[in-house]
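Trainee: Quick check, what structure comes out for this input:
(one chain, ligands or ions: 1)
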Amino acid sequence: MPAHETSHKSILLEHPSGAKAEIRFPHSLKPFLRAGATVTSWTVDDSERLFVSKNAILDGSKAIRGGIPIVFPIFGTDEKIKLPQHGFARNSNWDYVGILTDNDEVAVRFSLKDNQLTHEQRSAWPHSFRLNYTVAITANTLKTTLVVKNEDEDTFEFKSLLHTYFRVPNIEQVAVNGLSKLTYTDKVQNGAKVVEQNQKVTVAGEVDRVYTNVPEEVSIEIQNKPAFKIVKTGMKDTVVWNPWIDKAKGMGDFGDDEYPNMICVEVGSVAEWVKVGGGETWTGGQVITAL
Ligand SMILES: O=P(O)(O)OC[C@H]1O[C@@H](O)[C@H](O)[C@@H](O)[C@@H]1O
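Mentor: Next up, the predicted model:
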């Protein structure tokens with residue numbers, strides 16, 4: 001069996017090589033229990049590559065703190081669109097569509113339609129749409145792809161991000177390559193625009209940056225050795241985030257001592273709105289290779 005439902009709450013993908021991925025999608029009849037279609041585990045060579053907080057809330061009452069929550073249709077908060085931070089996709093009841101296999105890939109697809117949203121969510125973002133989200137693994141890759149179909153007649157706009165939490169042994173030994181010379185918005189410095197001067201981005205304090213117009217490939221190294229390659233398609237930006245000590249203490253679903261064990265490197269289109277014409281589709285995603 002390449003994939004099976006481990007409970008009513010998660011799907012486990014198993015590749016013949018031994019690589020595995022778990023995706024949680026609590027589909028509940030209780031309207032307050034909603035937790036997206038969130039990849040919560042990815043193991044290659046029996047080693048976990050994603051971070052999920054020990055305090056993460058997994059019962060669907062809150063978005064999961066870790067793995068890959070889906071940010072859509074806003075990033076952060078928005079004055080005009082009255083949705084919770086990062087939108088509704090990470091807090092919605094997604095439908096399980098099915099298992100797909102193609103050559104050496106094992107994949108699963110989920111979908112979300114506007115009629116699965118709450119009344120408040122639909123009022124805040126009043127558009128007809130369908131999202132398809134496909135998670136696929138090979139022996140050493142994890143591919144996550146989001147397709148946004150505009151089922152309205154008019155154009156709509158959105159922002160989206162795959163909020164990937166990578167597990168790392170010690171943040172002080174981590175560097176991100178591929179961001180040099182790019183401009184970023186520094187959310188830690190009141191949104192100041194800064195040009196990245198470093199060849200390798202390292203973390204020694206709170207980091208919350210939106211790098212714009214990022215090339216296709218970014219990589220993460222641990223102890224000077226390549227650990228992950230992240231290749232994005234259809235998405236323009238990359239967010240780098242680590243809450244560090246004080247912010248970690250302020251998050252109820254994140255351990256005070258966990259900030260050294262994660263780095264978020266999140267591909268997305270968030271600096272500008274993505275416009276999709278009536279009846280059209282947009283596709284964005286990433287392929288992460290464990291090196
Ligand atoms: O706590 P949340 O809503 O999951 O957000 C976590 C972080 O997500 C990042 O993408 C944002 O840039 C940060 O500003 C934010 O703090």
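
Trainee: what pLDDT, on average, does the longest strand along the chain get?
Mentor: Across the chain, the longest stretch assigned as strand under DSSP state E is strand 262-276. The average pLDDT for strand 262-276 rounds to 98.

Trainee: now what about the helix or strand that it is followed by, what contacts it?
Mentor: Note on strand 262-276: by DSSP states H and E, the next helix or strand toward the C-terminus is strand 281-290. With contact meaning CB atoms under 8 Å, 6 or more residues apart in numbering, strand 281-290 is reached by 42, 44-45, 49, 140-150, 160, 162, 164, 227-235, 267-269, 274, 276. Every residue, glycine included, has its C-beta placed from N, CA and C.

Trainee: Quick check: residues of the stretch 101-250 of the chain near the ligand?
Mentor: 163, 187, 208, 239, 241 (CB under 6 Å from any ligand atom).

Trainee: ok, and the closest non-adjacent residue to the second one?
Mentor: The reference is to residue 187. Leaving aside its chain neighbours, residue 187 sits nearest to residue 208 (4.0 Å; criterion: CB to CB, 6 or more residues apart in numbering).

Trainee: And the average pLDDT for the helix or strand hosting the one you found is what?
Mentor: Assigned by DSSP H and E, residue 208 belongs to strand 207-211. Per-residue pLDDT over strand 207-211 has a mean of 98.

Trainee: Mind giving me the packing neighbours of that strand?
Mentor: Applying 3 or more CB pairs under 8 Å, 6 or more residues apart in numbering; DSSP states H and E, one finds that strand 207-211 makes contact with strand 183-186, strand 237-242.

Trainee: in this structure, which ranges drop under the pLDDT threshold?
Mentor: Applying pLDDT under 70 to the chain picks out residues 1-8, 26-35.

Trainee: which residues in it form helices?
Mentor: 119-124, 244-250 (DSSP state H).

Trainee: got a markdown table for these, with mean neighbour count too?
Mentor: Output for the helices of the chain, formatted as a markdown table (neighbours: other CB atoms under 10 Å):
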| stretch | mean neighbour count |
| --- | --- |
| helix 119-124 | 14 |
| helix 244-250 | 14 |
